[in-house]
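Trainee: One predicted model, sequence on top.
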2 protein chains.
Amino acid sequence: MSNMQDYNELLQQIKFDEKGLVTAIAQDADTGEVLMVAYMNADTLRQTLETGVMTYWSRSRQKVWIKGESSGHVQEVKACYIDCDGDALLFKVHQHGAACHTGHRSCFFRRWKDGGLEVHTTPLVDPEKAYGPSRT
Amino acid sequence: MSNMQDYNELLQQIKFDEKGLVTAIAQDADTGEVLMVAYMNADTLRQTLETGVMTYWSRSRQKVWIKGESSGHVQEVKACYIDCDGDALLFKVHQHGAACHTGHRSCFFRRWKDGGLEVHTTPLVDPEKAYGPSRT
């Protein structure tokens, strides 16, 4: 079990916002598809790196959010990058099932085109079956 | 010249934060590489869609930021997506030159590996030559 000190070099480069959060992008390690954007605090970042499973801080529920904990649609961490000014992290992940609570593989399933929004992907799973009352 | 009304369907789906901003990710349309993350307000989003050139709101300088205006490293918009909960936009772009002010093609040029940060790409350009005093 590693401790906080092991992540000091990374944590010192991160500019957490006034709520102690940093933007985290999950990208499919194989296809390059951007799957979702969420937030981490220092604790859930450490948990992500220690467990190898993407773990966010849910702003809406104000709690630790192990992505896929209830649905099984976990994201295995393959690589972690930090941007030049330290306010965003990029994770390449192996996505099990769908990243989006709607059942779409990516949360970016709506495209702006010709003055309107169109759904450009087909859901992989029925969200009613994948998710219980909580959205993970 | 289009007007604000043309973007109402998109704008109504966006949850701008308390500062009137939304997260905007730029991804290389050809390679899938995530290039950078920045922010837009309603006006710079409209400008982006109207001009076809990525235009952010600079939080540090508190002004409109036409990416590449001084360096020539503009980002041509190829597609625009919105995520399920409307707090992030994803743009597929054609990147001219380097996205990062450091000269790296992507701002995510540092990777966390084996307990340390490593620079995993080589700068495309000398930032001293590409950029003047302002960072765009």
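Mentor: Nice, I can see it.
Trainee: got the residues of chain A near chain B?
Mentor: Proximity of chain A to chain B is confined to A:6, A:9-10, A:13, A:23, A:25, A:27, A:31-34, A:36-37, A:49, A:79-85, A:87-88, A:90, A:100-102, A:104, A:107-113, A:115-117, A:120 under the rule C-beta under 8 Å from any C-beta of the partner chain. For every residue, glycine as well, the C-beta is placed using N, CA and C.
Trainee: which among those residues end up buried?
Mentor: Listed as buried from the residues of chain A next to chain B are A:10, A:23, A:25, A:27, A:33-34, A:36-37, A:49, A:80-85, A:87-88, A:90, A:100-102, A:104, A:107-112, A:117; burial here means 16 or more other C-beta atoms under 10 Å in any protein chain shown.
Trainee: Looking at those residues, which are in strands?
Mentor: Secondary structure defined by DSSP state E assigns A:23, A:25, A:27, A:34, A:36-37, A:80-82, A:88, A:90, A:110-112, A:117 of those to strands.
Trainee: Going by distance to A:Val53, which of those wins?
Mentor: When these are compared for distance to A:Val53 (C-beta to C-beta), A:Cys80 wins out at 12.6 Å.
Trainee: A:Tyr39 versus the closest residue to that closest one other than its chain neighbours, what's the distance?
Mentor: Counting by C-beta to C-beta, 6 or more residues apart in numbering or on different chains, A:Cys80 lies nearest to B:Trp112, which is 4.3 Å off, once chain neighbours are set aside. In this view, B:Trp112 and A:Tyr39 are 18 Å apart by C-beta to C-beta, to the nearest Å.
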